[in-house]
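Asks: Give me a 3D structure for the following:
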Amino acid sequence: MSHVVTTTTTTTSSSGGGFANMGYTRSVPGLLKIAQVVTLLIAFLCVHCSKYWTDYSALRYFEVVTLWFLIAFLIFFIMHMLRLQSKIPCINWTLTEFLHYVIGTILIFIASIVVAVKNGGVTALIAGSVFGFLATVLLAISMWTSYKVTCGSQPTSAAV
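Replies: Below is the predicted model of the structure:
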């Protein structure tokens, strides 16, 4: 007596089964990354395109920090879009992103303070500093949400 059992499963996903995870762009972490990249780009361009620099080394520091983290978060965004983090499982990607958020929040905050102090009344530098502070707030929000995922409540056991 032979029995044939056929099971079918269907999965529905808002991101589709295609090459790119378009659902990520509509999620809260995806929107935060887009906002971070845009604000860092605007902050970088405001300082870079200013003709009247008052302190060369301080403004170069701001440019280097904003450009570095702009590229880093753009890479993280592309990795999530293309689902590359699942193809490289040897790296703890949530911890890597969390550490980038922590370091980025601190360094961009310091750079924004430096530009705010050394702007010399130049409106482009003031705008770059404001966008730097806005990027700092966005990074802090992402750091907090990433912390809740990475280091969230751990189950504890009373019995040892």
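Asks: Tell me the buried residues in the one helix or strand in the chain whose mean pLDDT sits lowest?
Replies: Least confident element among the helices and strands of the chain, by mean pLDDT, DSSP states H and E: helix 123-150 (a mean of 89). For helix 123-150, the buried set under the neighbour-count rule, 16 or more other C-beta atoms under 10 Å, comprises 124-136, 138-143, 146, 150. Quick note: C-beta positions are derived from backbone N, CA and C, even for glycine.
Asks: Output the contacting helices and strands for it.
Replies: Other helices and strands packing on helix 123-150, by 3 or more C-beta pairs under 8 Å, 6 or more residues apart in numbering; DSSP states H and E, are helix 28-48, helix 56-81, helix 93-117.
Asks: Surely residue 37 touches residue 72?
Replies: No: counting by C-beta atoms under 8 Å, residue 37 stays clear of residue 72, with 9.8 Å between them.
Asks: Okay, now the unreliable bits of this protein?
Replies: Where the chain drops to pLDDT under 70, the residues are 1-18, 54, 148-160.
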